[in-house]
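Colleague: fold the stuff below for me.
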Amino acid sequence: MTIATIELLVKDLTDEGGVFCPNPLAKMETWNTHPKVYLDVGQTGEAKCPYCGTEYRLKAGEHFDGGH
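Modeller: Alright, predicted model coming up:
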C-alpha cells in the first residue's frame, strides 16, 4: 500500500485548522475507506491519519493563523 502525502493550502483547512480523512483531495471516497476522522493540521503544519497513514501537510509558505 502506498502512503499518500497531500499538500494543503490554508483555504483547504476548516476554520479550526483541520482536515477530515478520508478526503477528496486524496482521491478518497467515504463509502470505500475508513471512518471519518478529524486531523489538526493548523497546530503543527502536518498530521497523519491513524487509519490509512495518509499524511496531510501545509505547502511551503502556508501558515494557519486561526482566522483565514
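Colleague: only C-alpha atoms from now on, for both contacts and neighbour counts.
Modeller: OK.
Colleague: and Val19, backbone torsions?
Modeller: Val19 has phi and psi values of phi -140, psi 160 when expressed as degrees, to the nearest 10.
Colleague: so it versus Met28, what's the distance?
Modeller: Counting by CA to CA, to the nearest Å, the separation of Val19 from Met28 is 13 Å.
Colleague: same question, Leu58
Modeller: 19 Å.
Colleague: same deal with Glu16?
Modeller: Relative to Met28, Glu16 is positioned 22 Å away (CA to CA).
Colleague: and what of Asp15?
Modeller: Between Asp15 and Met28 the distance, using CA to CA, works out to 22 Å.
Colleague: of Val19 and Met28, which one has the most company?
Modeller: The residue with more neighbours, out of Val19 and Met28 and counting by other CA atoms under 10 Å, is Val19; that gives 20 against 13.
Colleague: my guess is Glu7 contacts Leu58. True?
Modeller: Yes: when contacts are counted by CA atoms under 8 Å, Glu7 is listed as touching Leu58 (5.5 Å).
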